[in-house]
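Colleague: Fold the following for me, if possible:
(4 chains)
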Protein chains: 2
Amino acid sequence: MYYLIDQCSINEVKPLSPRKSAQDELTKATIIDVARELFVTSGYPSFSMRKLATKLGCSHGAIYYHFKNKAELFYEIVTQDFLTLDQVLEDVLSTPTNSNEEKLYSILFEYIRFGLTHQPQYEVMFLIKDDEIKGYLLEAPNKSYLHFANAVAHLATKPLSPKDIWSLFIGIHGFVTHYCRTETTFEDVKILAQSHVEFLLKALK
Amino acid sequence: MYYLIDQCSINEVKPLSPRKSAQDELTKATIIDVARELFVTSGYPSFSMRKLATKLGCSHGAIYYHFKNKAELFYEIVTQDFLTLDQVLEDVLSTPTNSNEEKLYSILFEYIRFGLTHQPQYEVMFLIKDDEIKGYLLEAPNKSYLHFANAVAHLATKPLSPKDIWSLFIGIHGFVTHYCRTETTFEDVKILAQSHVEFLLKALK
DNA sequence: CGCTTTATTGAACAGTGGTCAATAAATATA
DNA sequence: TATATTTATTGACCACTGTTCAATAAAGCG
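Modeller: All right, here's what the predicted structure looks like:
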């Protein structure tokens, strides 16, 4: 059976085409790009492999040729976001005009900005409980934290204990987490973010 | 068609019984109890209405006679936990031997204890993004926070701004959130919880 | 007893992630 | 160029999920 015959209309023929012509072939990169867009605009819960396939113009099975499963696909998406977050911290550190105290403030503030301007990603990076995804992320969240901790340790006016740095992070993380859940924009809590960062920094003095 | 005839064996007859005898009838209370147990022992992601039905010894359809949907069932489960959390705070406040400073410490510490000894519940109460569940919870999380905020305001040695109380809460919430994701027991981070609370309290001075 | 209300069943529906035999385009080989 | 092999795609299928609902029988009532 090589053809699916549309039995309603007359003689319309639809060839089975188990492979697309070269110019239409899927690539990992395009799948990731389209997946990210779908995921970022409509959120993780509404995302599905079938919706992604529709948006890609392919069958859902095709995606599984390029990615072992949904978790691997999401891993590859947020891998880029871990790099972005690293870069955010790097950018703060390499701003020459600011004092270390200002940089410390900025590290915390910009972390919040990243979290709230990348809510779906932050969720997958640091909040999701899905074992399959955690199995792919492995030490990525921890590595990201170490980067943060290093930056903070470097900038503090007096030596900080690992516990203090951890509490600082947890305090910032709590802020992002809460406003992720309520789907509040960064702009809407910018002022609150400032006072929260100031609050946490008071604990260091 | 009144009977399902087992066509393999000879003449075995299985009556349809669209209502159980009185002693076996479901009640909201028993559904909630069994659901809570299933939910608390195996977590929210593994929970399903069909597994619950199996554990109850009924069909999954029956549950929908007593609860509009899964979200309503979970709402009724965690409603009890919101009361428990209120009680935790109340118990701290009504401990006569402690100073206000000690009570403030205990409020924060006991909040963490509650969160980490009720992880699946805490998740549904404060972390879940499911719109259906949030639609049932409505102001419950906020009401719970106000209870917390009141207690803190009452105990502080100097007047605190609403922002400071909020930052305190967010700091505690972040701690619980993180160790919920990593499924760490309270006992395993008890010492860390102490130092985190002390860190946050330093910000008040 | 008969009528109504109530509680239960399980088939059915639309959705999910994931697998895989069948297949044809692309590529390598003779 | 012809043939064989590799590669990428399809869609039926599986086992799940939450939810709905007609059919049904037990319980309660007049």
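Colleague: can I see the domain layout of chain A?
Modeller: Domains of chain A are assigned by automatic domain parsing as A:27-67, A:77-202.
Colleague: just the ones you listed: most buried one?
Modeller: Greatest average neighbour count among the domains of chain A goes to domain A:77-202 (a mean of 17), per mean count of other C-beta atoms under 10 Å in any protein chain shown. Quick note: C-beta positions are derived from backbone N, CA and C, even for glycine.
Colleague: Among the domains of chain A, single out whichever gets nearest to DNA strand C.
Modeller: Closest to DNA strand C of these is domain A:27-67 (C-beta to the nearest atom of the strand; 3.1 Å).
Colleague: remind me, longest helix of chain A?
Modeller: Looking across chain A with DSSP state H, the single longest helix is helix A:70-93.
Colleague: Tell me the residue of chain A that sits nearest chain B?
Modeller: Among the residues of chain A, A:Gly174 lies closest to chain B, at 2.2 Å counting by C-beta to the nearest C-beta.
Colleague: quick one: what helix or strand has that residue in it?
Modeller: Under the criterion of DSSP states H and E, A:Gly174 resides in helix A:162-181.
Colleague: For that helix, what is the distance to the chain centroid?
Modeller: Computed by C-alpha atoms, centre = their mean, to the nearest Å, the separation of helix A:162-181 from the middle of its chain amounts to 17 Å.
Colleague: tell me the mean pLDDT for the helix or strand following it?
Modeller: On the C-terminal side of helix A:162-181, the closest following helix or strand by DSSP H and E is helix A:186-202. Across helix A:186-202, the average pLDDT comes to 98.
Colleague: Then stretch A:126-135?
Modeller: 96.
Colleague: now swap in stretch A:86-101 and tell me
Modeller: 93.
Colleague: What distance do you get for the residue of chain A closest to chain B to A:Cys180?
Modeller: Per C-beta to C-beta, to the nearest Å, A:Gly174 is found 11 Å from A:Cys180.
Colleague: residue contacts, the spatially closest residue to A:Lys202 that is not a sequence neighbour?
Modeller: Excluding the flanking residues, the one nearest A:Lys202 by C-beta to C-beta, 6 or more residues apart in numbering or on different chains is B:Ala203, at 4.2 Å. Residues near B:Ala203 by C-beta atoms under 8 Å, 6 or more residues apart in numbering or on different chains: A:Phe199, A:Leu200, A:Lys202, A:Ala203, B:Asp164, B:Ser167, B:Leu168.
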